[in-house]
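Q: build the 3D model from these lines:
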Amino acid sequence: MEVSELKIFLAVARNGSISRAAEELHCVQSNVTTRLKQMEERLGVALFHRKSKGVVLTHSGLLLMDYAERIVRLSKEAEDLVSDQDEPKGKLRVGTMETTAAVRLTPLMINYHQLYPRVELSLETGSSLESLKRLLNFRIDGAFVAGEITHNRLIAEKAFAEELVLVTASDITSLEQIENLKILVFRDGCSYREQLEEWLRRTGKLPYRIVEFGSLEGIMGCVAAGMGVSFLPRSVVQRPQYQDHCSFHRLPEDISNMTTWFVRRRDEVPGKAMQAFMDLIGLERG
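A: Here you go, the predicted structure:
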């Protein structure tokens, strides 16, 4: 089997769709279909169950997937080790929480680009859970996440220490002033949201309604308008555009202290681009 075939197989497995895999691979759908059929004919087994909407891995496909991921990863590592002899170059994909991207990463990315202009550094924002899934599925190379990291395929290093604060409209001095409590949060999988809900349960501040947002600006704008409260890093709410419109309130240390981790795959040797990125952050092994 060729590495190119395995990449096609993995793209179809990740997307559950030949058409979406073709979009990801930037090739025509007929080419993906043909290469898959050739693999199946050569192996003498079906790798996917074809359904009216999409495809699902067969038992043989599931067995192949683990090996395919390892082969593709080792191939990339070999290429990197051979070609990565001079300055860092190539692509580096990093997942991040939106709050980290907004406050921490802009100066870091500018500095990195100035030092290593041949690296194509890109950010993908999402919840901690979304970033971990992308990392395990080889869609990104590393990720900034919050919360406890227990997966044995990942290694976590301390990137930033954050103090989380309760954020309200500027005229609110206590939660007791609020009727029909609403919490304004990111989608499920956000560690800050989980921490806030844990504190509300612990202190008996029930019931409350959840309003989900896809952006930091959306949350802060609605908090300022008095729509509800949120739980975010102090470094976010102390920015000038928010200070005059919102108030923040300290909570107990066991709730408010949270570490942002930089996570990568344990069995992958960092290339020069990744190592330079980690050196710039100044990571502390967790």
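Q: tell me the contacts of the residue nearest the centre of the chain?
A: What sits nearest the mean C-alpha location of the chain, by Cα atoms, centre = their mean, is Ser131, with 2.0 Å. Going by Cβ atoms under 8 Å, 6 or more residues apart in numbering, Ser131 touches 95-97, 124, 140, 143-145, 263. To be clear about C-beta, it is placed using only N, CA and C from the backbone, and glycine gets the same treatment.
Q: of these, grab the buried ones for PyMOL.
A: Typed into PyMOL, the next command selects the buried ones out of the contacts of Ser131 (criterion: 16 or more other Cβ atoms under 10 Å):
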select buried, resi 95+96+97+140+143+144+145+263
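Q: quick one: which of the contacts of Ser131 sit in strands?
A: Assignment to strands by DSSP state E places the following of those there: 95-96, 124, 143-145, 263.
Q: so for the longest strand along the chain, what gets flagged as buried?
A: For the chain, the longest strand by residue count, based on DSSP E, is strand 154-169. Using 16+ other Cβ under 10 Å as the test for burial, strand 154-169 gives 154-157, 159-160, 162, 164-169.
Q: show me what contacts Cys222?
A: If you count contacts by Cβ under 8 Å, 6+ apart, then Cys222 has 184, 211, 213, 228 around it.
Q: assumed it was part of a helix.
A: Yes - per DSSP: H, G, I helix; E, B strand; the rest coil, Cys222 lies within a helix segment.
Q: how close does it sit to Ile255?
A: For Cys222, the distance to Ile255 equals 22 Å [Cβ to Cβ, to the nearest Å].
Q: also Leu74?
A: 43 Å.
Q: for those two, indicate the residue with more neighbours.
A: Each of Leu74 and Ile255 has its neighbours counted (other Cβ atoms under 10 Å); Ile255 has more, 17 against 14.
Q: surely that one and Glu197 touch.
A: No - using Cβ atoms under 8 Å, Ile255 makes no contact with Glu197, being 10.8 Å away.
Q: in stretch 276-286, which residues are buried?
A: 276-278, 281, 283.
Q: what's the answer for stretch 130-148, then?
A: Taking 16+ other Cβ under 10 Å as the criterion, stretch 130-148 shows 130-136, 138, 140-147 as buried.
Q: quick check, nearest of those to Gly271?
A: Proximity of the buried residues of stretch 130-148 to Gly271 (Cβ to Cβ) peaks at Asp141, which lies at 8.6 Å.
Q: just give me the neighbour total for Met39.
A: Using other Cβ under 10 Å, Met39 has 18 neighbouring residues.
Q: which residues does it contact?
A: If you count contacts by Cβ under 8 Å, 6+ apart, then Met39 has 1, 5, 9, 47 around it.
Q: swap the cut-off to 6 Å and go again
A: For Met39, the contact set (Cβ atoms under 6 Å, 6 or more residues apart in numbering) comprises Glu5.
Q: do you know how far it is from Gly95?
A: Met39 is 30 Å from Gly95, by Cβ to Cβ.
Q: same check, this time on Leu184
A: 23 Å.
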